[in-house]
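Novice: 3D, please:
(chains A, B and C)
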Amino acid sequence: MFDATELNQKNERVEKLFRAGFGLMTVMLIIPVLIILTTLVVKGGSVVNFDFLFQSPTNGMTAGGIFPALLGTVWLVLVALLISVPLGVAAAVYLSEYAPENWFTRVINLAIINLAGVPSIVHALFGVGAFVLFFGFGTSILAASLTLAIMTLPLIIVATRESLQAVPYAFREACWNMGATRWQTIRRVVLPNAISGILTGVILEVSRTSGETAPIMFTGAAFFLPLLPQSVFDQTMALSLHLFVVSTQVPDMPEAVPYGVALVLICLVLLMNSLSIALRVYLRGRKKW
Amino acid sequence: MSEARAQASRVGQRNRDWYIDKAVEIIVFIGGISAIIFIVGIFVFITKEGLGFLADTFDFKEFFFSPNWRPTSEANPTYGILALMAGTASVTGLAMLVAIPFSLGAAIYVAEFATGKTREALKVLVELLAAIPSVVWGFIGLSIMNPLIIDLFNVPIGLTVLNAGIILGLMAAPIMTSIAEDALKAVPDRYREAAEAMGATRWQVIFKVVLPAAKNGLLGAVLLGVGRGFGETMAVLMATGHAINIPTSVFDSVRALTATIAAELGETANGSDHYQALFTIGIFLFIITFLINLSADLIVRGVRKG
Amino acid sequence: MSADPKLEIRDLSIRYGDHVALEGVSLDVRENEIFGIIGPANAGKTSFLKSLNRMDMFNPAMKVGGEIRFNGEETRNWANVYELRRRIGVVFPLPVGLPMTVYDNVALAPRLAGVKNKAELDATVQRCLERAALWDEVKDRLDSLGSLLSGGQQQRLTIARALSQDPELLMLDEFSIAVDPVTTMRIEDVLKELKEEVTIILVTNLVQQARRLADRTAFFLEGQCVEIGDTEDFFTGEVADPRTRDYVEGRFG
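Specialist: Numbers count the residues shown, from 1 in each chain, chains lettered A, B, ... in the order given. Model prediction:
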């Protein structure tokens, strides 16, 4: 009896130890990032103001703002979304609503997984070989956005497929029984109930796309351009590449500028991500059936 | 009543909705196979660009076993990627040393100990960590870690295997954490209950029951982390010091395969040997990551069947 | 009443892979009758209904053999199977209120058929909800979500939706499972009225419900149609197969 209690106490101590140990590891994972974020804010916060966001860089990028890069990122993201969202939603609709369970569908799934795993620099090489050279788009927003779109396609497919499959099968059956075609069922019942889930995926994609650097380096983003892009066949500056440029390529750069660019980029990315997470939490709490 | 609807004349007829449905089916099927088209397309196009080098200049022995990457040498260019592979391997290896214990520890904490709001908050945090772009990580390596390492270890340069390894470890850890957590959550609760009923303590349950049952999923998480580290470009470009070198300590500067492409592609002429050699590195990267992802998928799916 | 049967079924068999759900069923359903189908679980009743409006199309594992003629025409000959399904209304065991407003639930079928006129839709919605004995309860909240109504209301909504297709044939599959007895009685009254206009197939697990409603009844057991006859005969003991009597008298099932 006495022994058992002692054993219990020992076990409890050990368990507490383990719990604390694993908790510590979790905290250790997060702490460095908090330190980093704080550093970015402390060192870069001073330069980030209205002028920084809305003026062009001057003096060999050592002064002025980041407007062309910010605008370029918006261009790249929007054009990439225009390509990847319809394609990704179509792919997800096929996989969720049409695809039979066979080897061919498994091959598609495998291709999606691998597309997500291909290194970003290889995507860049593909973009150069296919869009810049073969299709003759040159280094342009179009070529860069196509590269980004293909790279982030798996993200949108997976998010869309998940939200489509969250719509109960019984709704589809009810609709089919009324003489609705597959497409009518998808359009009137499945998609309307999956649209907000798809939106979470799209916002997540915005976040991912705006941070990518390697895929756009050789396909459409330039270190510095004196003019803003006029069409998708022009080159553009981009926020992510701008961070690379001001932190590695420009001599005599005031220290605060790259910190400021990094701060803006990370705020943009985290804001989009938080938005997506908030939307997801909100949707989970809302009961529709 | 039914006669009034003139059924007979309509039996053989198809209407607009029927054709729209067929058209949509074809469109979404094209969307579905696009992933296959792109994967094949990536391989075809990078092979197409690298083919000239593969056919002429490529020397298997030199490419894989020479540490000399001197593509710009006028007299005698050499294309050996051994040092670059060593750079990639050392950084990825160190990154895994950092990421595996922390991500597994964090996954165990989130899946087995944390509850309710803490759990949700931790999961959201991990997700946000995973979202930080690689160029920002590279910048952190360059501007924050670099002086820190110089000060702490009293070394001349902080852009080293150590720097990039830690950065890459921090980058890969969140993703590995969420995949590992999924794997732990996939272990049925009845396993835990059965072990607890036999008097096992919490940590015994975790080490003797949950971890062994989830081992394939955890291995998959590690493999995906390796794949991620292997393919990472911007962070290793900015944090490794960019010196072609087979490292002998963590304080050596190195250069990775991916970073070499990123740094040099802009300076080569289309179709030159150098340019094609970079695409050949791309083919090599593609094949390796393809194999890593394939085996990760097979291992993870093996769990679900069992 | 027309002499030709509404539905002629000859040697119908249904398989799911190796599993035989139904074998060798032949029967006729006459115009404007309530045709009852009784039998224990796994008798193949639900599969039978699914084969009639060709829902096997959505389940690659389901294989249907034999002949099914609707208005004298083999159902497989319909080039536009959706047109066929529009003429056959279905009500499930578990109510399915679609996650759209009550109004949109009932207006869905006419809209699918291309009706856009608001007044026409309004009239259809009201007519179908009235017939399903739901109008009085929901007329003030037609814009609330159909999927959040109570179970009994959802089941009547499902019936209203089936009626909105203006079907020639209405199939009900154990509709009273999820419904309270009072609602069941109200729906039964509705069905008796409806029979004047549509042909009804009523699959039920309640033998007494078949007795109250059905003109003729078939007894399904383990994938076979054991017996078909006038419903009254089933309950007065004039049956050919002893298993039918045993089931009707409640000795198994």
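
Novice: going forward, measure contacts between C-alpha atoms and count neighbours the same way
Specialist: OK.

Novice: Which other helices and strands does whichever helix or strand A:Phe18 is part of contact?
Specialist: Assigned by DSSP states H and E, A:Phe18 belongs to helix A:2-44. Using 3 or more C-alpha pairs under 8 Å, 6 or more residues apart in numbering or on different chains; DSSP states H and E, the elements in contact with helix A:2-44 are helix A:256-285, helix B:82-108, helix B:116-131, helix B:202-204.

Novice: For the stretch 51-200 of chain C, what lies in contact range of chain A?
Specialist: Applying C-alpha under 8 Å from any C-alpha of the partner chain, we find that the stretch 51-200 of chain C lies next to chain A at C:53, C:55, C:81-86, C:88-90, C:96, C:98-99, C:109, C:112, C:145, C:147-148, C:162, C:165.

Novice: Apply 7 Å and report the result again.
Specialist: Contacts of the stretch 51-200 of chain C with chain A, taken as C-alpha under 7 Å from any C-alpha of the partner chain, map to C:82-83, C:85-86, C:89-90, C:96, C:98-99, C:109, C:112, C:147-148, C:162, C:165.

Novice: quick one: which of these sit in helices?
Specialist: If you go by DSSP state H, those have C:Tyr82, C:Glu83, C:Arg85, C:Arg86, C:Ala109, C:Leu112, C:Ala162 in helices.

Novice: Now the fifth one: closest residue in space, sequence neighbours ignored.
Specialist: With C-alpha to C-alpha, 6 or more residues apart in numbering or on different chains as the measure, C:Gln165 is the residue that lies nearest to C:Ala109, at 5.4 Å, once sequence neighbours are left out.

Novice: Backbone dihedrals for the one you found, both of them.
Specialist: Dihedral angles of C:Gln165 (phi, psi; degrees, to the nearest 10) stand at phi -70, psi -10.

Novice: Just to check, it is in contact with C:Arg86?
Specialist: Yes - with contact taken as C-alpha atoms under 7 Å, C:Gln165 and C:Arg86 are classed as touching, separated by 6.0 Å.

Novice: Within range of chain B, give me the residues from chain C.
Specialist: Taking C-alpha under 7 Å from any C-alpha as the test, the list of chain C residues beside chain B reads C:Asn77, C:Trp78, C:Ala79, C:Asn80.

Novice: neighbours around the residue in chain A that chain C sits nearest to, how many?
Specialist: Using C-alpha to the nearest C-alpha, the closest approach of chain A to chain C is made by A:Gly179 at 4.4 Å. Here the neighbour count serves as a burial measure; for A:Gly179 (other C-alpha atoms under 10 Å in any protein chain shown) it reads 25.

Novice: repeat for B:Ala183
Specialist: Using other C-alpha under 10 Å, B:Ala183 is surrounded by 26 other residues.

Novice: How far does the helix holding A:Phe18 sit from its chain's centre?
Specialist: Using C-alpha atoms, centre = their mean, to the nearest Å, the mean C-alpha position of helix A:2-44 is found 30 Å from that of the whole chain.

Novice: same thing with stretch A:27-45?
Specialist: Relative to its chain's centre, stretch A:27-45 lies at 21 Å (C-alpha atoms, centre = their mean).

Novice: what's the span of stretch C:53-66 from first residue to last?
Specialist: Terminal residues of stretch C:53-66 are spaced 14 Å apart (C-alpha to C-alpha, to the nearest Å).

Novice: Chain A contacts on the stretch 201-306 of chain B?
Specialist: Of all the residues in the stretch 201-306 of chain B, those lying near chain A are B:201-203, B:231-234, B:258, B:262, B:266, B:279, B:282, B:286, B:289-290, B:293, going by C-alpha under 7 Å from any C-alpha.

Novice: Can you verify B:Val110 is assigned to a helix?
Specialist: Yes - when DSSP: H, G, I helix; E, B strand; the rest coil is applied, B:Val110 is found to be in a helix.

Novice: give the contact list for it.
Specialist: Shown in contact with B:Val110 (C-alpha atoms under 7 Å, 6 or more residues apart in numbering or on different chains): B:Arg119.
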